[in-house]
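Visitor: This is a predicted model, with the sequence first.
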Amino acid sequence: MEDVIIWNDYFGLLFDDSKGNFPSRLFGYQTFDKNQPVAVQIDNAGACFGYIHSGQLTILDNLVSWQLQREQWFHLPAGCQLILQPFSKVVICQRLGYRGMHVMGGPIEQTGRLRYIDGCTDSLLCSPPLEGDPCLNLLHFPPNIIQTQHTHPSMRAGIIARGSGVCCTAKDAIDLQEGMVFMIPAGAIHHFKTIRQQSMDVIAYHPDSDWGPTHEEHPMINRTWVDGRKITH
């Protein structure tokens, strides 16, 4: 089984899972030149989910021109052009063959809104528009956490947004520092730890979901009543 992969230094395509059950690609970009912005093109092979760890980013496609800063996230229908200002770090997860939406938000909060395993919390930053669609999440680990070993049915990818911790796999214990990009293969056994006085926040892309609105169940139709009752057909 493939193990967890971590990148400290990155610029370009890091991982290509185009033949997987939920085909995705992972990109990471960081800039150092203090005088010169850097332009990057992501092709139109699928929706892009991104997060700005540091610096400033301009995002351009045929409909929008967004100026985003550190700790903001975005979701685009397809490819785009990125213009990274000096000393910026950005991660992009692209869901191949899936058309996304124009959505952006942030800065991220200090903790998650939802309970997660072993005292952690998470927030669903970019929800699946339909059940089964991909999503983007903020995962918060308080200090002194030791997670239960677990797996995921599809790959996970993203960036360490704040703090530090350890990812323990079947083969290794990997130190995690702010700004690192990661990829967890489907089915890989792992858990995360944080030490005393140090929390960790992770931005995590999921290429699929088992939850979300359906044509039969969503807030608009659920709160549309005929003769005082919800429509049932």
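Guide: The structure has been received and is ready for your questions. What you see is a predicted model, and the numbers here were worked out from it, not measured in a lab. Numbers count the residues shown, from 1 in each chain.

Visitor: Got the domain ranges for this protein?
Guide: Annotated domains of the chain cover 10-105, 114-206 [automatic domain parsing].

Visitor: I figured residue 88 hits residue 50, correct?
Guide: No: applying CB atoms under 8 Å as the test, residue 88 and residue 50 come out as separate, 11.7 Å apart. Every residue, glycine included, has its C-beta placed from N, CA and C.

Visitor: Alpha carbons only: can I get stretch 58-76 in CSV?
Guide: Output in CSV follows, covering the C-alpha atoms of stretch 58-76 (Å, rounded to 0.1, in the frame of the first residue of the first chain):
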residue,chain,number,x,y,z
THR,A,58,-4.8,36.7,-8.1
ILE,A,59,-7.2,34.2,-9.7
LEU,A,60,-8.4,34.7,-13.3
ASP,A,61,-10.8,32.7,-15.5
ASN,A,62,-13.2,33.7,-18.2
LEU,A,63,-15.7,35.1,-15.6
VAL,A,64,-13.8,36.3,-12.5
SER,A,65,-10.8,38.2,-11.3
TRP,A,66,-10.3,37.6,-7.6
GLN,A,67,-7.6,39.0,-5.2
LEU,A,68,-7.2,36.6,-2.3
GLN,A,69,-4.9,36.7,0.7
ARG,A,70,-3.5,34.3,3.3
GLU,A,71,-6.0,31.9,4.9
GLN,A,72,-8.6,32.3,2.2
TRP,A,73,-9.9,29.4,0.0
PHE,A,74,-11.6,29.1,-3.4
HIS,A,75,-13.5,26.7,-5.7
LEU,A,76,-13.6,27.2,-9.5
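
Visitor: ok now do residue 34, which residues does it touch?
Guide: 86-87 (CB atoms under 8 Å, 6 or more residues apart in numbering).

Visitor: Turn the domains of the chain into JSON lines, including mean pLDDT and distance to residue 223.
Guide: Compiled in JSON lines, the domains of the chain are given as follows (pLDDT from 0 to 100; distance: least, CB to CB, whole Å):
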{"stretch": "domain 10-105", "mean pLDDT": "96", "distance to residue 223": "22"}
{"stretch": "domain 114-206", "mean pLDDT": "96", "distance to residue 223": "18"}
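
Visitor: export these to TSV and tack on distance to residue 222?
Guide: Below are the domains of the chain laid out as TSV (distance: least, CB to CB, whole Å):
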stretch	distance to residue 222
domain 10-105	21
domain 114-206	14
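
Visitor: Settle it for me: which of residue 88 and residue 50 has more neighbours?
Guide: residue 50 (27 against 22; other CB atoms under 10 Å).

Visitor: what's across from residue 47 in the sheet?
Guide: residue 95 (DSSP bridges).

Visitor: surely residue 16 meets residue 93?
Guide: No: distance between residue 16 and residue 93: 11.8 Å, which falls outside the contact criterion (CB under 8 Å).

Visitor: More neighbours: these two, which one.
Guide: residue 93 (31 against 14).

Visitor: For the more buried one, give me its contacts.
Guide: 24-27, 48-50, 136, 157-158, 205, 207.

Visitor: And those residues, which is closest to residue 225?
Guide: residue 136 (33.3 Å; CB to CB).

Visitor: Would you mind naming the helix or strand containing that closest one?
Guide: strand 135-141 (DSSP states H and E).

Visitor: now residue 162
Guide: strand 156-169.

Visitor: Pairing partners for that strand, with directions?
Guide: strand 173-177 (antiparallel), strand 181-184 (antiparallel), strand 190-193 (antiparallel), strand 200-206 (antiparallel).

Visitor: With distance to residue 75 and mean neighbour count added, can I get these in a markdown table?
Guide: Formatted as a markdown table, the strands paired with strand 156-169 follow (distance: least, CB to CB, whole Å; neighbours: other CB atoms under 10 Å):
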| stretch | distance to residue 75 | mean neighbour count |
| --- | --- | --- |
| strand 173-177 | 24 | 14 |
| strand 181-184 | 18 | 24 |
| strand 190-193 | 25 | 18 |
| strand 200-206 | 10 | 25 |
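
Visitor: All set, thanks.
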